[in-house]
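Fold the stuff below for me.
(chains A, B, C and D)
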Number of protein chains: 2
Amino acid sequence: MTPSEQKEQTERTLRADARRNRERVFEAARELFARDGEGVQMEEIASHAGVGIGTVYRHFPTKGALLTEMVRTRFQRFTEIALAAEQIEDPWEAVATLLTESSVAVEGDAGFQMAMMGVEDLEWEGIEQEKAAFAAPAERIIERAVEAGAVRSDMSVDDIPMLMCGITSTMYFAPGGAEWRRHLDLVLAGLRPG
Amino acid sequence: MTPSEQKEQTERTLRADARRNRERVFEAARELFARDGEGVQMEEIASHAGVGIGTVYRHFPTKGALLTEMVRTRFQRFTEIALAAEQIEDPWEAVATLLTESSVAVEGDAGFQMAMMGVEDLEWEGIEQEKAAFAAPAERIIERAVEAGAVRSDMSVDDIPMLMCGITSTMYFAPGGAEWRRHLDLVLAGLRPG
DNA sequence: GACTATACGGAATCCAGATTCCGTTTGTCA
DNA sequence: TGACAAACGGAATCTGGATTCCGTATAGTC
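Numbering: from 1, shown residues only, chains lettered A, B, ... in the order given. All right, here's what the predicted structure looks like:
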């Protein structure tokens, strides 16, 4: 029995109400995590989901596990963005779009912002797979841009988390505003060759 | 009686051992705050200072008050840096030095990094005076650079906290490393005109 | 040296949240 | 429909820290 079959069976075994509740908890957590970041309270998630606190814990062993799950899900959005950006013809546009769209994806999600900024307690362990899925297309985009002379020759994939982290911190520092667009603007200018 | 005379008298009234202990607590707090950030524990500060926890609270009403005092003190360093940078002849060098030295000042001080990044609980209220003292020379530096065409014409003082916040987040994200220098490098490139 | 206002130490208290536990309810299946 | 395993709710418990309190110690003053 492969792991996935095993998982499938576990899911099949889940009682109907249990599956529904798990979904509700997850949805509530997503919403509140986006609003309040890691400061969300388990009680609040429970009541927002319309279930008891015990039910939350039955589905997610700890708060950390729940939040990591949020981060993992959100992170996948980056990969979608990278894959889409890769289709853009112009090498520079591809890079610019990658960073811009990624920023937009983070906007308005306090929890993900915190994760991007490396706030403790938000685990980045266990999402290596997601990271790799993002890194592949991102790397191709950058390599192409470097070869085309559209960005400084020393740009690398590793610059992306670094820069995103910076832009995110602007969002976090000045929430609700558009200052981060200026930050992004500056960063993009800094990436140009020469 | 002016406020300053009043304060002076209060200080004069402080018993010798009290003054000494206050100093010790402050010093311990500075050290541990730099190491652990806002996560420092009051008990730890007390024992590190060689006093009882009660003594810490006699001198600083709450943890927040103590940390704010730390931030205020640290912030003053920025003003010194700005005043020094203002003396630099070359307009671009002045800007570059301002940002570089400010970054260096933050390096290795986790507490101040958190404050720069706007982590909650670290109060920025009550240090308006320090902010203004920094803004004045910084503004002159930037104005001069803009007029000389050494930086993009739309650069403003408000860009400084934004960019510093970003660079700081890199330090925080990759502590101990020198990645932030690359981030600074990119940011400086982005500030250049055109 | 005695007296008193100040300070001190640190055990006890408070508090906010996460996590556990168990009596009750509900879905599933024969 | 009855039986029972699977889930549920939420009160009770646990925890890590901040903050308070009060009996004791000491600097300053005569």
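
mind listing what the closest residue to A:V187 other than its chain neighbours touches?
The spatially closest residue to A:V187, leaving aside those adjacent along the chain, is A:L163, at 5.2 Å (CB to CB, 6 or more residues apart in numbering or on different chains). All C-beta spots, glycine's among them, are computed from the backbone N, C-alpha and C. Contacts for A:L163 (CB atoms under 8 Å, 6 or more residues apart in numbering or on different chains) come out as A:L99, A:V187, B:G166, B:H183, B:L186.

ok, now A:A189?
With contact set as CB under 8 Å, 6+ apart, A:A189 has these partners: B:R152, B:A189, B:G190, B:L191, B:R192.

repeat for A:E123
Contacts of A:E123 (CB under 8 Å, 6+ apart): A:G64, A:L67, A:T68, A:V71.

Now that we have the contacts of A:L163, can you turn them into JSON lines and tack on pLDDT and secondary structure?
Below are the contacts of A:L163 laid out as JSON lines (pLDDT from 0 to 100; DSSP: H, G, I helix; E, B strand; the rest coil):
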{"residue": "A:L99", "pLDDT": "98", "secondary structure": "helix"}
{"residue": "A:V187", "pLDDT": "97", "secondary structure": "helix"}
{"residue": "B:G166", "pLDDT": "95", "secondary structure": "helix"}
{"residue": "B:H183", "pLDDT": "97", "secondary structure": "helix"}
{"residue": "B:L186", "pLDDT": "97", "secondary structure": "helix"}
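
quick one: which two of those are the most distant?
Farthest-apart pair in the contacts of A:L163 is A:L99 and B:H183; separation 13.9 Å (CB to CB).

And those two? Which one has more around it.
Comparing A:L99 with B:H183 by other CB atoms under 10 Å in any protein chain shown, the one with more neighbours is B:H183, at 27 against 20.

what's the helix or strand for the nearest residue to A:G194 once chain neighbours are set aside?
In this structure, A:G194 finds its nearest non-sequential neighbour in A:R152, 7.4 Å apart by CB to CB, 6+ apart. Counting by DSSP states H and E, there is no helix or strand that carries A:R152.

where's A:M114, which helix or strand?
If you go by DSSP H and E, A:M114 is part of helix A:110-116.

With DNA strand C in mind, check whether that helix reaches it.
No. Legend: contact between helix A:110-116 and DNA strand C by CB under 7 Å from any atom of the strand is lacking; minimum distance shown is 12.5 Å.

Contacts for that helix next, please.
Here helix A:110-116 makes contact (CB under 8 Å, 6+ apart) with A:33-38, A:40, A:67, A:70-71, A:74, A:105-106, A:122, A:124, A:161, A:164-165, A:168, A:171-172, A:175.

Report how many residues lie close to the closest residue to A:T73 other than its chain neighbours.
With CB to CB, 6+ apart as the criterion, A:T73 has its nearest non-adjacent residue at 7.4 Å, and that residue is A:R30. A:R30 is flanked by 18 other residues according to other CB under 10 Å.

A:R30 and A:M116, how far apart?
16 Å (CB to CB, to the nearest Å).

same deal with A:M162?
A:M162 is 11 Å from A:M116, by CB to CB.

just A:V56 next, same as before
Counting by CB to CB, the separation of A:V56 from A:M116 is 25 Å.

swap in A:E86?
Per CB to CB, A:E86 is found 22 Å from A:M116.

Got the confidence number for the residue of chain A found nearest DNA strand D?
Closest approach of chain A to DNA strand D (CB to the nearest atom of the strand) occurs at A:G54, with a separation of 1.9 Å. We have a pLDDT of 98 for A:G54.

Assign a three-state SS to the residue most central in space within chain A, would you?
Chain A has A:F75 as the residue nearest its centroid, 2.8 Å off, counting by CA atoms, centre = their mean. Following DSSP: H, G, I helix; E, B strand; the rest coil, A:F75 is assigned to helix.

wait, it sits on A:A135?
No. A:F75 lies out of contact with A:A135 (CB atoms under 8 Å); the separation is 11.5 Å.

follow-up on the earlier one: nearest to chain A, of the contacts of A:A189?
Chain A has its nearest neighbour among those in B:G190, at 3.1 Å by CB to the nearest CB.

Sticking with the closest residue in space to the closest one that isn't next to it in sequence, tell me its helix or strand.
Spatially, and ignoring its direct neighbours in sequence, B:G190 is nearest to A:G190 (3.1 Å; CB to CB, 6+ apart). Following DSSP H and E, one finds A:G190 within helix A:179-191.

just A:A105 next, same as before
In the assignment (DSSP H and E), A:A105 maps to helix A:91-106.

what does that helix rub up against?
A:74, A:77-78, A:81-82, A:84-86, A:88, A:112-113, A:116, A:138, A:141-142, A:144-145, A:147-148, A:150-151, A:160, A:163-164, A:167-168, A:171, A:180-181, A:184, A:187-188, A:191.
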